[in-house]
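Novice: Any chance you could fold what I've pasted below:
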Amino acid sequence: EALHFVDGIGDRGGAVLAKGAGDIAMKDVSFTGCEASEWGGGMAVWGSGDVSLERASFSECTAGTYGGGMYMRNSGDVSLEGASFSECTAGSEGGGMYVFENGDVSLDGASFSECTAGTYGGGMYMRNSGDVSLEG
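Specialist: Okay, the predicted model is just below:
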């Protein structure tokens with residue numbers, strides 16, 4: 001069974017906000033039409049453990065500033081397998097996803113389609129994190 005978040009609205013994390021949480025693991029989850037006035041249109045993770053998403057999709061999610069689809073800051077390692085970001089928008093940085101001050105970042109089989117940002121990283125914005133691995 002899949003978990004679906006549709007049309008979630010919030011200041012931070014339109015559908016999900018994880019702040020100060022332990023490790024986060026999600027499989028077969030989708031975020032559609034979610035919106036955050038600040039950051040993390042679909043999902044925001046801040047000050048938490050490792051983040052692992054398998055077959056997650058972010059579609060038509062928006063954020064006023066950072067991470068139209070997903071926002072991750074000051075957390076552990078980030079691993080996305082088979083994730084897709086389509087038509088996600090951020091007012092400033094990271095239309096699809098925003099990664100800042102995290103551990104190692106690994107994307108395997110991820111796709112970014114028609115994502116836009118006001119300044120940097122229409123698909124993805126990464127800064128001050130560990131090693132980065134991108135595989136098709």
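
Novice: When you work out contacts or count neighbours from here on, use the C-alpha atoms and nothing else.
Specialist: Fine.

Novice: who's the residue nearest to V16 when sequence neighbours are not counted bridged to?
Specialist: Closest residue to V16 apart from its sequence neighbours, by C-alpha to C-alpha, 6 or more residues apart in numbering: M43 at 4.7 Å. On the basis of DSSP bridges, M43 is bridged to V16, M70.

Novice: List the residues that contact M43.
Specialist: Listed by C-alpha atoms under 8 Å, 6 or more residues apart in numbering, the contact set of M43 reads G13, G14, A15, V16, L17, G69, M70, Y71.

Novice: separation between it and D131?
Specialist: Distance of M43 to D131, given as C-alpha to C-alpha, to the nearest Å: 22 Å.

Novice: Ok, L80 next?
Specialist: Taking C-alpha to C-alpha, one finds L80 at 14 Å from D131.

Novice: same deal with T119?
Specialist: For T119, the distance to D131 equals 24 Å [C-alpha to C-alpha].

Novice: Same check on G118?
Specialist: G118 is 26 Å from D131, by C-alpha to C-alpha.

Novice: Show me which of these two is the more surrounded one.
Specialist: Between G118 and D131, G118 has the larger neighbour count (other C-alpha atoms under 10 Å), namely 16 against 11.

Novice: which residues does the residue nearest to the spatial centre of the chain contact?
Specialist: The chain has M70 as the residue nearest its centroid, 1.8 Å off, counting by C-alpha atoms, centre = their mean. Neighbour list for M70: G40, G41, G42, M43, A44, F58, G96, M97, Y98 [criterion: C-alpha under 8 Å, 6+ apart].

Novice: Reformat those residues as a markdown table; add distance to D104 and pLDDT.
Specialist: Shown next, in a markdown table, are the contacts of M70 (distance: C-alpha to C-alpha, whole Å; pLDDT from 0 to 100):
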| residue | distance to D104 | pLDDT |
| --- | --- | --- |
| G40 | 20 | 98 |
| G41 | 23 | 98 |
| G42 | 22 | 98 |
| M43 | 19 | 98 |
| A44 | 18 | 98 |
| F58 | 21 | 98 |
| G96 | 18 | 98 |
| M97 | 15 | 98 |
| Y98 | 14 | 98 |
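
Novice: Go through these and say which is closest to V29.
Specialist: Ranked by distance to V29 (C-alpha to C-alpha), the contacts of M70 are led by F58 at 8.8 Å.
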